[in-house]
Each structure stands twice: as structure tokens, then as C-alpha cells.
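Student: Here's a sequence, model it:
(2 chains)
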Amino acid sequence: MNFVESLLGLSPDGGDGSLEAFLFGAVLAALAATLARLAGRRNRDLVAWLRRGFVRNRQVVRPISVGSVRKAECRVWNRESWRDQGRESALRRLESEVDMTRQRFGRSLLWMTASLVLAVLMASPTPALGQYVGSSSITNWSGGCGGSTRTWWDDMCMAWRKKMGDKGWVQWWRNYELVQGPRYVDPIEKNWGFDNSTSGMDWNDAGLVCTHGGWGSGRWTGTLYDPDPDGSCSMTSGTMRLGRTTNGWLRFLHLSSCNSIRYSQRTQWFDAASGVHVVTGFHGLMYIGSGYVDEYRDLANEGMTSRGVGRVWLDRMHHVDHWYNSWNTVCPIAIGFGATVAEAQGKHDETYNGHFSHPVPNWMHTRWKSGCNPDDGPPLPN
Amino acid sequence: MRTHRTVVVVALAALGALAAPSSQAQTPTAPPSDLGSPAGAFAAFSTDYKSLVAKALPPVTTAELARRLRETAAEAAAEKPIALRDLRSWAALFDLKIDPAKQERGAEMIDSENASYLVDPGAGRFYIAIRHAATAPFPRQDFQKLLPEIRRAHESLAAKIGIPARQIIFTDFRETLAQSTPQPKLRDARETAIESVGATTTQLRAVGGLLVDGSYVRIASIDARRFEMVDVRWPQIRLAPEVDEKSVLAPTLLADRITERVAATAGGKPVSVVMAVVLRPIHAAPRIYYVPSLRVGIQPKSERLRDGYRTDAGEQVYFDLVAGMEGLADRDERDLVPESLERKRNAQ
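Tutor: The predicted structure follows:
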């Protein structure tokens, strides 16, 4: 442990060697906050400027905007149900209120927030602060979209998210009745989508969606809690745009959902790839139960620094369930994206703390266990 | 000449058998076991849940289950612990240097220069991930020639670790395959052939003939020399204090409760059901205890929609086969530790 690390109480095991970036970011945040205070610069402009110029250090930048909009956001949590009731104008009014609040609170809170962030960063045991991990799960489909109850699904998802939280990531969760369509839809695709906002899945660096899935028309169809504003109960790759290119943040998307990457339909994920590095899911049926909780925790534990997340997904989620007189298998699939074949291959070695460059999705590199033969699906190529 | 030709044909057939099937999962052993559902139970879908459950119930009787449990306890008592005792012996297996400052960190993941490892001897858990320089995928024909050697290397490592061969009930060996696909807009680019990026062995465990859930060895490697990940979960078998041969129940005695649960999971739709008598782990840190339990797998039938299929996730639930504990396994995780173990844990 060097002098700086010991001074800050940083564990050399806790991160990915990004200490320099972390310190650089902290200094930048302090400078930017001071400048803004002196110049009276508007918070939104400042945040946009910081994001443009210092994307790599957003662990310092992002909490500023979180703090400034949180109060107003509390009032629009149930925006989807408002839409269901046809109260579009009221919804628009609330959304504009969020924007107003950003401006009103932004300037005065900026200085305090920046100071607070700096203090937290200095006291943090790990430089992973500010990386966001998000999960969404449903156990009872009591809303407008039907589905069979699976009581252990939230425990599986939560185990992953909480282990990521233990590693210093900031936790985000929207479960049960909050699993509503717009949260997973990019505004480029639908004007009611807000996946890049603080309430959206693409706000996170790593996300996990746990819900029933189906397949058809070349795509996975994840079951929502309520119909989206277009009346659909499906979350699909067709309306997702994940990653930096479309103003989101996701580097890793995990889908704990049947047929989320059916082998014959894997190229659907090109449509959603907008800077996302790795997408993982299942070919055929997957199972829910107490026996599966630990492997989601292991995914977080092992994927943080020890092995590429794509590799861990394949080894952890592949099951051989033995029943004495028969056995069945659960078949995970992992996809890495890249501008070249080599880059797409390399994404399978990226750990959660790896921070490889954001890829142009010219290629996808798909991996699976040979001949894995799931329930309700053909065997994978052998 | 004919003899010579026959030898060549037999040799080629043997080579083919070794090289061709990349997934060399063993088929279940015959004759049929009375601890599991009859083969094919998962293929029968119905909304008559009572009948489904009746057909899938393992026929093992209370007396027979008590006998199996005695055998399990005897085998567990006679079992020598695996050769690994601590972080030092684990690291030595892979010629790893350990930072002495990190040795006392308990069951936490530790990162070293070229590997990460986790050692928890109390829970029989030994994990290592070794980082290698990036390697390009292998053409399949080349990799298939390596498969027998890789398989032997995995088996040899498991033996070195001290995994008792008699407790391995099932071995699954598979390649990890890969394929690169271009964006449709890249008109001149072509999808690559399927390639190999490694192979994985999974060995499942049974003690006294009873499957031990959550206990296995998994070894992944790039080739026969470069191990990439080794995960050993081979705890000592200790039955929970509530469990004795007088308290065990045959699965048939729980038919009504199981039917009720299957109906709740199915929600009126057709499902199939499969069951197995297993030892279910109960984590009472720092130890793991086991309870004889009935693992029930429920598979919903996919539902045809206008533009595709709806495929609700399957579910696995447990019913403990111990008098007075029948309902325990269905509760939330924090309630799963029996009261007696809770007392024991608090006393430690």
C-alpha cells in the first residue's frame, strides 16, 4: 500500500487501479464547483459541460445531479399510473417541475453537494463510489400484466445488487409495481421512455432485470407489471438503447429471464447496443428458487475484479440439475460488443471495475456452453 | 489384413468417441433410483396437479429413507476431509505466492497479481480464478484434439484436491463455444465459424447415495495446462440436530402439500413436475448443516401467443422430509435456519 492509499484508507483490493482517475476526478469536481459558484453558472450547463469533458470521472460528477433532482422526483414516482389514467397534461406539468427544480435547487445545492461528495470520497474505503448498480424484479404480477408468482426472484436479484453494494457501488432498485415500461425504454424510441434518467435502468453502470420472459417476432419479451403507455406488457430489445452513445450509462445488462437471449434471436441485441459492453441472458427456460440465490451473489463477487463478467455469467448460471433418473440443464449466454471481432471478444474479460472503452457495436461475440439443452428450447450448437 | 483393418476401424471409432462429443455428460445410471421421479416426468404436462404429483413422487419408503440416512451419516463420519486445509495449501496447488498480510482475511475474495482466491475451510469452499494473457479462440477441429487431455487434467486436479471418486454421482464436461457476428449493416463482413474458448468440468456429489445440493467441483480451463477457474464446494456433511432416522418422512406423506404448492406456482396453467430426495444445505455460519429434503422442479408449458410464446420461468422448491419441519423450506431465507441451530450459533 503506498503513501496516498494509506492516507486515504484505500484498500488495494477494492478497485481496479483507478486511484489516479479517482483523485483527478475529485480535484476536477472541486474546481468546477468553485468556478460555478464564482461565475453563477447554471447547474444544468455545468453538469452537461462536466459530462462532455470528463465522462470517465463521472463518479464525482453524477451525485451532484442526483442530489439536485431527488426532491422533485419523489413526486413523480408514479408517473406511469398517471398515464394509465389518461392524465398526460398533469404528467407533463410534473416533468417540467423536475426541470424547474433542477434549476432552482441546482445552483444553491451545488456547492454543498460538491463539498459533501468530496468529503465522502476522501473517507471512502473504495474508489468504486459513484458506480451505480440497479436491479428490477417482480414476484407477484398483481398489476395489469399477468404472470405466475415466483417468490424467490427478488431474493436472487437482491443478492447480486447487495453484493455489488458491499463492493462500494451505489444501489438503485425499482421492484414489483415500479417495474413499468418507460423505465426501460429510450426516449429515442418512444417519447414517453426515460431509461437514461435517474429513474431509468440505463442510469446504472450494471443492471439486472428479473422477470418472466417470452419470445416471438425475433425478440425477447420481458413481462412488465402494468402495460406501458402503448398498451404493451413487454419489455423488449426493440425499444432499448443501452449505453453512452444514447446518453445512458449501462456497461453490463443481465437478464434473469427465460429466452432473453434465445440463440436464434441473439442479433436482436444489436438494436439495443448503444455503447453497452456486455449483455447476458438465457437460452430457453431458467429456474427460480432459494438454491439459485447464492450464484447471483457469486456473480457480483467474482465479476468485480477476478474474472470477466461474461465468463462468470456462463460458469455460474450454467446448471446441471440432477434428478437421479433424469437431468436437465439451464443455458446461459453472454454477448460482448466491439468495433472489431477482437474487441468484442475482449469484452468477455471486462470486470465490473474494468472500465474498458465504450464499443461501437459493429460485432457481437456470443459465448455459450456446448450442446446445452434447456427446457423449452432447442439444444445449443455443439 | 482383415485384422489390421479391424484394428484401424476400432481405433478410429475410439478416437471419434473421445473427440466428437464435446458435451460428455454421463447419462443417469440404471437401474432407476427410488429417490427420484421416473425418467420422462418433465415431459408430461397437465393441469391435473394431483395426478402429476402422484406420478412424480419418488417411491422411496420411510423405512428405506431412514436406512439411506443411516448410510449417509456413516459415510460422512468415515469421510476423510479433502486434502485442502487452508489458503496456503490451496495456493500451493497452483504455485501461487500469497501475500502474508492477506492470509487472515477469512472468507473474502482476495486479489493477487495474477489471480483471485477465496478460501473458507469451514464451509468447504475453495475458489480461484487465474488470469492469463488474452488468447484467441481455437478452431474447433484443433480444440477437439485437446479435449481428452483437458478432461484428464480436470480429473487429475480433482483427485489432487482430494475429491473422493465414490461421491461423484455425475460428471458434466463441456466446451465453451463462441461465434462472432457482424452488424447487418456491415455488408462485406461474414459471421465467423463457431470456435472454442475453453472447457468446463462439473462434478456433482452424493453421500450415501443422496444428492448433496450446492456441493460440487467446477473446473474451467483454456486448455490442459492453463486452468482459468476452480471452484470447490465440498463441505463436511453434518445432519441438522433435528434429523434422525425416526423423524424422517417418505415423500408420499407430503403429497397434498406438494400438490397445493404446484397449483400455486402453476396458476391454473399446464405444468410438468419432477422430484428428487436430496440433502438440502442450511447455512449456519461458520458451518453448513444438511436436512433430507424433497426438491421439486415445476416447469410451466410455454403458451402460444399471437406473435410468439410466453415462457414463464420454472421454479424449484424444497419440502423437508423431517417430522415437524415440513413447512420450513418454503419460508424466506432468513427463516430457514431451524431454531436449534440458531441457538447453537448464538452459543458459539
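
Student: So which residues of the stretch 1-150 of chain B form strands?
Tutor: Using DSSP state E, counting those that start in this stretch, the strands of the stretch 1-150 of chain B run over B:110-111, B:115-120, B:125-130, B:138-139.

Student: Where does residue B:235 fall, secondary structure wise?
Tutor: Residue B:235 is part of no helix or strand when elements are defined by DSSP states H and E.

Student: wouldn't it be in contact with residue B:215 here?
Tutor: Yes - the criterion here is CB atoms under 8 Å, and residue B:235 meets it with residue B:215 at 6.4 Å. C-beta here means a position set from N, CA and C on the backbone, and glycine is covered the same way.

Student: and for the two, which residues touch both?
Tutor: Taking CB atoms under 8 Å, 6 or more residues apart in numbering or on different chains as the criterion, residue B:235 and residue B:215 both touch B:124, B:281.

Student: check contacts around the spatially closest residue to residue B:216 that is not a sequence neighbour.
Tutor: Nearest non-adjacent residue to residue B:216, counting by CB to CB, 6 or more residues apart in numbering or on different chains: residue B:204, 5.3 Å away. The neighbourhood of residue B:204, defined by CB under 8 Å, 6+ apart, consists of A:320, A:322, B:168-172, B:211, B:215-216.

Student: again, only using 7 Å
Tutor: A:320, A:322, B:169-170, B:211, B:216 (CB atoms under 7 Å, 6 or more residues apart in numbering or on different chains).

Student: Is it part of a helix or strand, or is it coil?
Tutor: Assigned with DSSP: H, G, I helix; E, B strand; the rest coil, residue B:204 falls in the strand class.

Student: Distance of it relative to residue A:250?
Tutor: 35 Å (CB to CB, to the nearest Å).

Student: and if you look at residue A:163?
Tutor: With CB to CB as the criterion, residue A:163 and residue A:250 are 18 Å apart.

Student: Residue B:38 against residue A:325, yeah?
Tutor: Yes - the pair formed by residue B:38 and residue A:325 meets the contact definition of CB atoms under 7 Å, at 6.0 Å.

Student: Need the overlap of contacts for the two.
Tutor: residue B:32.

Student: More neighbours: these two, which one.
Tutor: A count of neighbours by other CB atoms under 10 Å in any protein chain shown puts residue A:325 above the other of residue B:38 and residue A:325, at 22 against 18.

Student: didn't the more buried one look like it was pressed against residue B:31?
Tutor: No - between residue A:325 and residue B:31 there is no contact under CB under 7 Å: 9.3 Å.

Student: quick one, phi/psi of residue A:298?
Tutor: Taking degrees, to the nearest 10, you get phi -60, psi -40 for the backbone angles of residue A:298.

Student: Spit out the contact partners of it.
Tutor: With CB under 7 Å, 6+ apart, residue A:298 has these contacts: residue A:316.

Student: name the element the nearest residue to residue B:140 once chain neighbours are set aside belongs to?
Tutor: Spatial nearest neighbour of residue B:140, excluding adjacent residues (CB to CB, 6+ apart): residue B:196 at 5.5 Å. Here residue B:196, judged by DSSP H and E, is contained in strand B:195-207.

Student: Residue A:331 now?
Tutor: Per DSSP H and E: strand A:327-338 holds residue A:331.

Student: what's the following helix or strand after that strand?
Tutor: Next in sequence after strand A:327-338, counting helices and strands by DSSP H and E, comes helix A:341-346.

Student: If anything else comes up later, I'll come back, but that's it for now.
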